[in-house]
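Visitor: Give me a model of this one.
(chains A, B, C and D)
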There are 4 protein chains.
Amino acid sequence: MKTINVGIIGAGRIGKVHAETLAFRLPRANPAVITDMNQQAAREVAACCGIPRVAASAEEIFADPNIDAVLVCSSTNTHCEMIIDAAAKGKHIFCEKPLDHTLARIDQALAAVNRAGVKLQVGFNRRFDANFARVRQAVASGEIGTPHLMHIVSRDPAPPPISYVKVSGGIFLDMTIHDFDMARFLIGDEVEEICTSAAVRVDPEIGKAGDVDTAVIVLRFRNGVIGTIDNSRKAVYGYDQRAEVFGSGGAIATSNVHPNWAVVSTGENVRRDLPLNFFMDRYTESFAAEMRAFVDAVAEGRPVPVNGHDGRVPVVMALAARKSYDEGRPVKLSEIG
Amino acid sequence: MKTINVGIIGAGRIGKVHAETLAFRLPRANPAVITDMNQQAAREVAACCGIPRVAASAEEIFADPNIDAVLVCSSTNTHCEMIIDAAAKGKHIFCEKPLDHTLARIDQALAAVNRAGVKLQVGFNRRFDANFARVRQAVASGEIGTPHLMHIVSRDPAPPPISYVKVSGGIFLDMTIHDFDMARFLIGDEVEEICTSAAVRVDPEIGKAGDVDTAVIVLRFRNGVIGTIDNSRKAVYGYDQRAEVFGSGGAIATSNVHPNWAVVSTGENVRRDLPLNFFMDRYTESFAAEMRAFVDAVAEGRPVPVNGHDGRVPVVMALAARKSYDEGRPVKLSEIG
Amino acid sequence: MKTINVGIIGAGRIGKVHAETLAFRLPRANPAVITDMNQQAAREVAACCGIPRVAASAEEIFADPNIDAVLVCSSTNTHCEMIIDAAAKGKHIFCEKPLDHTLARIDQALAAVNRAGVKLQVGFNRRFDANFARVRQAVASGEIGTPHLMHIVSRDPAPPPISYVKVSGGIFLDMTIHDFDMARFLIGDEVEEICTSAAVRVDPEIGKAGDVDTAVIVLRFRNGVIGTIDNSRKAVYGYDQRAEVFGSGGAIATSNVHPNWAVVSTGENVRRDLPLNFFMDRYTESFAAEMRAFVDAVAEGRPVPVNGHDGRVPVVMALAARKSYDEGRPVKLSEIG
Amino acid sequence: MKTINVGIIGAGRIGKVHAETLAFRLPRANPAVITDMNQQAAREVAACCGIPRVAASAEEIFADPNIDAVLVCSSTNTHCEMIIDAAAKGKHIFCEKPLDHTLARIDQALAAVNRAGVKLQVGFNRRFDANFARVRQAVASGEIGTPHLMHIVSRDPAPPPISYVKVSGGIFLDMTIHDFDMARFLIGDEVEEICTSAAVRVDPEIGKAGDVDTAVIVLRFRNGVIGTIDNSRKAVYGYDQRAEVFGSGGAIATSNVHPNWAVVSTGENVRRDLPLNFFMDRYTESFAAEMRAFVDAVAEGRPVPVNGHDGRVPVVMALAARKSYDEGRPVKLSEIG
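Guide: Predicted structure coming up:
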């Protein structure tokens, strides 16, 4: 079994998750080096995960001939530059979502990947969650017949800090991006038109920052499916992540994941504990599974399960969703690019 | 369609339920007369249900040649006497459970019914509940294979008054009697041996009255099934009425019935409203269904679905359960009679 | 207790349901007379429900001074004429939904009701269903905070015959009308704008008849709530009737109603029986409850719970939904009238 | 943070699970050496988990002064000997369940542990499962009041090979042992008396081997709680692992764990996928958690959460359960020793 030497760029929250997966759960992967603008953060992750080297910069990692693949876990505005540089050095690339906020830069990066012939996998981890994967399986296998309707509910437990909201690219590029990917994944087809209804209901500061925090987005797929995405930045009961697909042969729907499945009955009510409250807990296994898929694809020379095109389309959808909101009308994806 | 003229003996809680069913839900039944030692109670039910006549006594009803059938809803200690007198006059009989607390009297009553060739249906209404009927169907149809294990949970929302406890015949004859019937109904076979574990946990006054309020009763069926009945006089969350049968091909289990199926998620928990709290609400439809079955059996000359034998056996089981509790050992039903 | 003499116009499916409720479940109501263009149908319902008289025409009923109230259960195109005539004779009116397909006629009818000072209740029975009533209660009581998002799923088990589709007024007036009412009821506020996405997915014949069979309708309420209605004419698993409201303090969601709550586990899966498949079964209790509310309102001189305005607005919404579909854009209700 | 050097005795199924946990999930633990009578098996686990050394025998591990703790994952009949030898060398010990089939040997082993002052943790992993831990929490915190009744359902997906049944010590020592521990854990009190009803229903070969495959065991606790354990060697729908505790303030019940929480509705039924079918999948996290608890207890000099006494009592209970079955009567634990 070939071992893959991996360099990690970015030692923040998600960089650390991937480092731990490489170190403790994937015998085939060797986390060889890590870097971060905050060198102390990089050193701490290195110590915790037994990563032998902290690099001074991403360039140092790209230049290392022993590195097979890199994980781009730095801030979004650096993603495309990192991809271009890594590709130029022949590294396979795993990049967090979104690839970027602008299509021009994404297209430059994808072209660089294409020229270099390296693999690029984008971090849409939710595809690897057992619940959503089961929905996809039902659709793909025909278990529910031809799909007609699709609903995604995706509500965060709490909004991010306003400082983050301001640089996030807006809810559609920051949060709904996952749901746009999920919609394509579940239905296995492309969206043609998007119509957004949105509002500021959670926090007026989000509105002042030019963003919205509550949205219903209607999707029209090429194959005729009509879908909705329901987003809120704040569900007080925790992380609400569900999907339903309805078709000619039936329907499949997922429920939330709870820390336990005990039901308590008292004189007041019949209740269970709140669902998992944080994406790290809810999607723990999906982060490991996407990393395993990436390492396996690199090791075995197979295509990655979520490629650069899969990274680009949700950005188009996010831009269309915002344009629909701004103009109060359905927007075709072909208007965006 | 033949109409059945029915006389009702007893205008208490359950008498009124049956009167309403006859009056408002069964076009084929005509509630023609009612009586009660408390004549005012009889008059009130008569007024509410449009019953044209209040009789001074049960005898007056039995003597009326226009009456086809009678409902015995008087106190338990009068049941057998009523059955004997009604049978002597050729009336078909619906009698509330239990038939009596002593087997000798029950046997006299069943002999009288037999001699008269009238029908006797005993009020084990729970057989007619959609949930328990579905469990029976799964067992009878082989949907879960050969049954191996059976569990009944039967917990009341609150104990009856101590004054009632003292004349109730004890928990096994008063409350578990329904579960003994249910066990026979679900498995479709007879119990051979009973072993009781019981205690006073809810209210020491119940213990002082010589009774228990909490019990686990293990049943051994002739066909090898092992079953349990879980009883409590007080479930603070409401009426807890469930059953599970496990077999070689799978299992079937029922849940409680709630007034609605809404789920509320807040910052505290994910909850639903308490289950229905009162047997009148929980078993509304089963009371109507058993009465319809009785009226139809009388009108069409078919056998009743719960006959005198079905009324006798649970009393044997209740006596065995008490004997097992008193002697701290398994008791065979053949020891009782 | 005052008894209300009721005349029933229309002995079809729903007319019979209401007749049975009046006859067997509402002691306070007296179903005194029934009529139908099909006199044989009227005679049959009369016989079954003990209604003493079959009238030759609605006019005969309106002219009867002993009649306090009438139920208009005839075909939709006759509703407004019946209302106008009944109001002229001072009868209180219960009318099935929709009032009509055109606003002009509805307005004439409402004006007549207003002039006569009689009560008009419209047959939006689902408000009286325990599940939806519980959702409304959660919203009204603040149990889930300020509402932000609302979703209604309303899927029929099978499409009506094409002959009916052609005269139905289209899915929005025929089927979604209930959901438009439900949306207003649940949120307790008015909708300002509607945007429809719809398609023919179930049966091309429905498309040839100028209608659609699958739709997602986005509603913008005055109070800022964004809602969706999901409609399909064919859910193979039965009648799918659910609602969810999400707010600042939590969410409430209802599930479907099944004939029993047993869960079967076999070597294949863990399953329950299909939900109730027919609106008569699913909404049995709500039909009885709306009729009780009408009879009580008439008897006690109190306002009806679903009045003429409540009957008019969903028609406006249905017309807006169709216009939005035809023009591919959001439509304000103020554009309709 | 101190690192604990661990030696692993036994490279079978469970030994490998613990080795992987030590290697990949517990940074604080260092799996330093492994042995097995089958040296090839030991080499394979060593390779997979990066364990640097394979020892020729357990004695070699016990003699190694660098080893802090050992995991005894060899066959049951060797457990006590291993414990005695390891304790003599001052090693802390984690031993799989059951400690042994005879109390005399267990008592020798516990005495040796006591003399040596080392820690002994017994592998009752289910205590660390989130579901059962939640039930315990509800009982311990008083969330359901004073406990009155307890039910454990514990059914295996399929019986072990007959060859294993013959050396297993019987169902009570092999399978119910976990449930005996769970009963003590959930209620937090000791059992006084046990009454067993059991039968051969799954496979006559199990009966020929002198064992049973289906059982209901009633437990009487010192504090008055009455409990049941429901065991079957074969649940066709998978691993059935549930518990319920009912008390004066309410009840708590767990459900099974499924690989996903998707619900599929088709024209046939409303269903979910079968529960996890294998203890390795169902209890994955609990194996990791018990190992973490052991490593932490050793590293920090704290008491282990499941000690030698906790290992001994379930063996007493198993012997009492068998005696009760053999003699057809309730057996007090004090009769066993």
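Visitor: mind listing what's buried in the biggest helix by length in chain A?
Guide: Assignment by DSSP state H gives helix A:308-327 as the longest helix of chain A. Residues of helix A:308-327 classed as buried: A:308, A:310-325 (neighbour count, 16 or more other Cβ atoms under 10 Å in any protein chain shown). Yep, even glycine has a C-beta here, placed from its N, CA and C like the rest.
Visitor: On the C-terminal side of it, identify the next helix or strand.
Guide: Next helix or strand after helix A:308-327 toward the C-terminus (DSSP states H and E): strand A:331-332.
Visitor: Any chance you could list what contacts that next one?
Guide: A:Glu192, A:Glu193, A:Ile194, A:Cys195, A:Ala320, A:Ala321, A:Lys323, A:Ser324 (Cβ atoms under 8 Å, 6 or more residues apart in numbering or on different chains).
Visitor: how many other residues sit next to A:Ala56?
Guide: 10 (other Cβ atoms under 10 Å in any protein chain shown).
Visitor: Ok, A:Leu22 next?
Guide: 26.
Visitor: Could you check which helix or strand contains A:Asn260?
Guide: Judged by DSSP H and E, A:Asn260 forms part of no helix or strand.
Visitor: Revised request: answer the last question for A:Met291.
Guide: Assigned by DSSP H and E, A:Met291 falls in helix A:284-300.
Visitor: what's that helix packed up against?
Guide: Using 3 or more Cβ pairs under 8 Å, 6 or more residues apart in numbering or on different chains; DSSP states H and E, the elements in contact with helix A:284-300 are strand A:4-9, helix A:13-20, strand A:69-72, strand A:92-95, strand A:120-122.
Visitor: mind redoing it with 6 Å?
Guide: Packing contacts for helix A:284-300, counted by 3 or more Cβ pairs under 6 Å, 6 or more residues apart in numbering or on different chains; DSSP states H and E, involve strand A:4-9.
Visitor: okay, the strand it packs on in PDB with CA atoms only?
Guide: What follows is strand A:4-9, C-alpha atoms only, in PDB (Å, rounded to 0.1, in the frame of the first residue of the first chain):
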ATOM      1  CA  ILE A   4       0.800   9.600   0.500                       C
ATOM      2  CA  ASN A   5       2.800  12.400   1.900                       C
ATOM      3  CA  VAL A   6       0.600  15.300   2.600                       C
ATOM      4  CA  GLY A   7       1.300  19.000   3.200                       C
ATOM      5  CA  ILE A   8      -1.300  21.000   5.100                       C
ATOM      6  CA  ILE A   9      -1.700  24.700   4.400                       C
END
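Visitor: Outside of the longest helix of chain A itself, list whatever touches it.
Guide: With contact meaning Cβ atoms under 6 Å, 6 or more residues apart in numbering or on different chains, helix A:308-327 is reached by A:98-99, A:106, A:110, A:113, A:120, A:122, A:172-173, A:177, A:180-181, A:194-196, A:198, A:217, A:331, A:333, A:336.
Visitor: so of those residues, which ones are in helices?
Guide: Per DSSP H, the subset of those in helices is A:Ile106, A:Leu110, A:Val113, A:Phe172, A:Leu173, A:Ile177, A:Phe180, A:Asp181.
Visitor: how close does the fourth one get to A:Ala109?
Guide: Meaning A:Phe172. From A:Phe172 over to A:Ala109 the distance is 20 Å, taken as Cβ to Cβ, to the nearest Å.
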